[in-house]
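Asker: Here is my input, please return the structure:
(one chain, ligands or ions: 1)
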Amino acid sequence: MSERLFTIDNAPGAGRGVFATQDIPTGTHILTASDLTVHVLFRDYRGEVCSHCFSYDLGVKQPIKDTTHGLAFCSEQCQLAFFPTSGDLCMAARAAIEKIIKTKQNSNQHADTLLGPRPTPDEIRKAWTAAETQAALIRTARIGKPPPTKSRLRALSRALSTPVSPDVLTFLLTSVLSSCTSSKSSDKQTLLCGLESESTPYLSSHELDEYISSYLQLLAVLPVEILPFVSGAELHEMKSRETHNSFGIRSLFDGGSEFFGYGVWPSASYFNHSCDPNLARRREGRDWVFSTGREVKRGEQLYISYVNGGKEELRDEKGEVMGWEERGRLLKKTWGFDCACGRCAKEKGAKISVERV
Ligand SMILES: C[S@@+](CC[C@H](N)C(=O)[O-])C[C@H]1O[C@@H](n2cnc3c(N)ncnc32)[C@H](O)[C@@H]1O
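Answerer: Numbering: from 1, shown residues only. Okay, here's the model as predicted:
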């Protein structure tokens with residue numbers, strides 16, 4: 001983040017936040033976040049969303065299909081722009097993952113159909129620790145000197161016979177590729193690890209199992225040169241950061257009604273939420289662009305809306321503007337925090353005064 005117009009500091013009740021270092025007029029560009037570090041485009045939208053710029057045309061297939069790597073592009077320009085960020089080894093990794101997704105039994109289920117109870121930190125730690133025994137056997141089966149022992153081959157074949165979760169697998173792949181590409185990308189990983197984390201990031205034990213099986217499958221199929229970059233601890237770390245810091249990747253029309261996937265742009269992850277945000281945000285291809293929606297005074301915190309881009313009031317099913325209690329419930333359910341924004345505090349305070357009168 002550029003520190004010219006803003007700085008990152010403690011935000012009472014909300015961890016860290018972004019604060020204006022000077023008076024900023026309405027409509028001022030604040031930040032373009034181009035550091036997409038990990039992401040997934042859901043398999044349901046395969047072929048319909050451009051793998052580079054995320055453009056979408058109401059379900060029409062993209063004109064350029066790359067079935068070997070599970071990619072699709074809206075133009076040659078996007079295809080060309082995608083490849084320099086990848087390189088041959090990354091493309092071999094994508095091909096290996098696409099192959100296992102296509103050939104194995106698929107267990108993709110949307111996480112919200114598999115809700116809770118969330119595994120506790122202790123259950124999570126035990127599950128990842130147990131996976132390391134299998135992981136070590138698979139690594140040795142793949143890179144050790146022949147002949148591989150029966151236990152190593154069994155671990156490898158178990159990983160390969162477990163149903164595949166395509167969305168989790170491709171999401172974890174982006175994390176591995178981000179670690180193993182340039183040193184610039186490693187910086188992105190470091191930035192990701194500085195973000196707020198969640199100690200219980202898995203919605204259910206099923207989801208935890210999906211992450212662990214996907215880790216073992218990455219070890220079983222990725223090119224051996226990439227295996228040093230596949231770390232269970234790092235993948236879990238990434239998941240625990242992603243939970244509070246992802247931006248949805250949605251259609252750019254109809255209020256973003258189509259939800260294609262999500263990703264983390266670390267440079268954009270320090271903006272807190274307000275139900276009366278002073279920043280507007282919009283996605284431009286792979287980037288997020290933030291600008292002031294009204295005049296901001298020096299020292300004021302810069303807020304976005306986590307819920308609807310902040311362009312319109314949140315409304316309930318009857319079309320009524322939501323009050324602080326309903327907004328609070330929505331934020332708690334989707335983001336897991338109790339909203340400490342000024343608007344909620346004001347509306348809550350007003351209600352308490354009325355009740356006292
Ligand atoms: C994307 S991060 C924002 C940066 C974060 N405050 C930090 O210290 O890294 C999202 C997290 O910030 C906190 N947060 C953001 N907006 C908030 C709000 N209005 N009220 C309370 N906590 C908030 C929550 O813990 C949320 O999970």
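Asker: Can you list the buried residues in stretch 52-69?
Answerer: Neighbour-count burial for stretch 52-69, with 16 or more other Cβ atoms under 10 Å as criterion, is recorded at 52, 53, 54, 55, 56, 62, 64, 66, 69. No exception for glycine: its C-beta is placed from N, CA and C like everyone else's.
Asker: Could you find the closest non-adjacent residue to the residue of the chain found nearest the ligand?
Answerer: Shortest the chain-to-the ligand distance, computed as Cβ to the nearest ligand atom: residue-wise this is residue 15, at 2.6 Å. In space, not counting the residues next to it along the chain, residue 15 is nearest to residue 196; the distance is 5.8 Å by Cβ to Cβ, 6 or more residues apart in numbering.
Asker: Report the contact partners of that neighbour.
Answerer: For residue 196, the set of contacting residues under the criterion of Cβ atoms under 8 Å, 6 or more residues apart in numbering consists of 15, 16, 241, 244, 245, 269.
Asker: Just the buried ones from those residues?
Answerer: Buried members of the contacts of residue 196, scored by 16+ other Cβ under 10 Å, are 241, 244, 245, 269.
Asker: Next, give phi and psi for the last one.
Answerer: Right, the one you point to is residue 269. With angles defined as degrees, to the nearest 10, residue 269 sits at phi -90, psi 0.
Asker: before we move on, the earlier item: mind checking how far the residue of the chain closest to the ligand is from residue 193?
Answerer: With distances taken as Cβ to Cβ, to the nearest Å, residue 15 is found 15 Å from residue 193.
Asker: cool, and residue 163?
Answerer: Counting by Cβ to Cβ, the gap from residue 163 to residue 193 is 30 Å.
Asker: Residue 305 reaches residue 272, doesn't it?
Answerer: No. Using Cβ atoms under 8 Å, residue 305 is not in contact with residue 272; the gap is 10.4 Å.
Asker: Which parts of the stretch 51-200 of the chain are strands?
Answerer: Per DSSP state E, counting those that start in this stretch, the stretch 51-200 of the chain has strands spanning 64-66, 71-73. These are given in chain order.
Asker: okay if I get these as JSON lines plus mean pLDDT and distance to residue 140?
Answerer: Compiled in JSON lines, the strands of the stretch 51-200 of the chain are given as follows (pLDDT from 0 to 100; distance: least, Cβ to Cβ, whole Å):
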{"stretch": "strand 64-66", "mean pLDDT": "97", "distance to residue 140": "33"}
{"stretch": "strand 71-73", "mean pLDDT": "97", "distance to residue 140": "32"}
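Asker: Could you provide those strands in JSON lines, with additional columns for distance to the ligand?
Answerer: Shown next, in JSON lines, are these (distance: least, Cβ to the nearest ligand atom, whole Å):
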{"stretch": "strand 64-66", "distance to the ligand": "33"}
{"stretch": "strand 71-73", "distance to the ligand": "29"}
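Asker: Output those in TSV, with distance to residue 262 appended to each entry.
Answerer: As requested, those are arranged in TSV below (distance: least, Cβ to Cβ, whole Å):
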stretch	distance to residue 262
strand 64-66	22
strand 71-73	18
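Asker: since we're on residue 237, how many residues are nearby?
Answerer: Residue 237 has 16 neighbours, counted by other Cβ atoms under 10 Å.
Asker: What residues does it make contact with?
Answerer: Going by Cβ under 8 Å, 6+ apart, the list of residues near residue 237 reads 193, 197.
Asker: And the helix or strand hosting residue 247, what does it pack against?
Answerer: The secondary structure element spanning residue 247 is strand 246-250 (assigned by DSSP states H and E). With contacts defined as 3 or more Cβ pairs under 8 Å, 6 or more residues apart in numbering; DSSP states H and E, strand 246-250 has these neighbours: strand 259-264, strand 279-284.
Asker: Output the contacting helices and strands for the last one.
Answerer: So the one you mean is strand 279-284. strand 246-250, strand 287-292, strand 301-304.
Asker: in its sheet, what does it sit against?
Answerer: Each strand that strand 279-284 pairs with, and the sense of that pairing, follows from DSSP bridges: strand 287-292 (antiparallel).
Asker: quick check, distance from the strand it pairs with to the centre of its chain.
Answerer: Centre-to-centre, strand 287-292 and its host chain are 18 Å apart (Cα atoms, centre = their mean, to the nearest Å).
Asker: Same check on stretch 197-210?
Answerer: Going by Cα atoms, centre = their mean, the spacing between the C-alpha centre of stretch 197-210 and its chain's C-alpha centre is 14 Å.
Asker: same check, this time on stretch 6-23
Answerer: Offset of stretch 6-23 from its chain centre (Cα atoms, centre = their mean): 23 Å.
Asker: Quick one: end-to-end length of that stretch, please.
Answerer: Stretch 6-23 stretches 10 Å from its first residue to its last (Cα to Cα, to the nearest Å).
Asker: likewise stretch 16-36?
Answerer: Looking at stretch 16-36, the gap from its leading to its trailing residue is 21 Å under the measure Cα to Cα.
Asker: How far away from the center of its chain is it?
Answerer: Between the centre of stretch 16-36 and the centre of its chain there are 21 Å (Cα atoms, centre = their mean).
Asker: can you check stretch 254-269 too?
Answerer: Here the centre of mass of C-alpha atoms in stretch 254-269, compared against the chain's by Cα atoms, centre = their mean, lies 8 Å away.
Asker: returning to what we had before: include mean pLDDT and mean neighbour count when you put the helices and strands packed on strand 246-250 into TSV, please.
Answerer: Formatted as TSV, the entries for the helices and strands packed on strand 246-250 read as follows, by pLDDT from 0 to 100; neighbours: other Cβ atoms under 10 Å:
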stretch	mean pLDDT	mean neighbour count
strand 259-264	96	20
strand 279-284	96	18
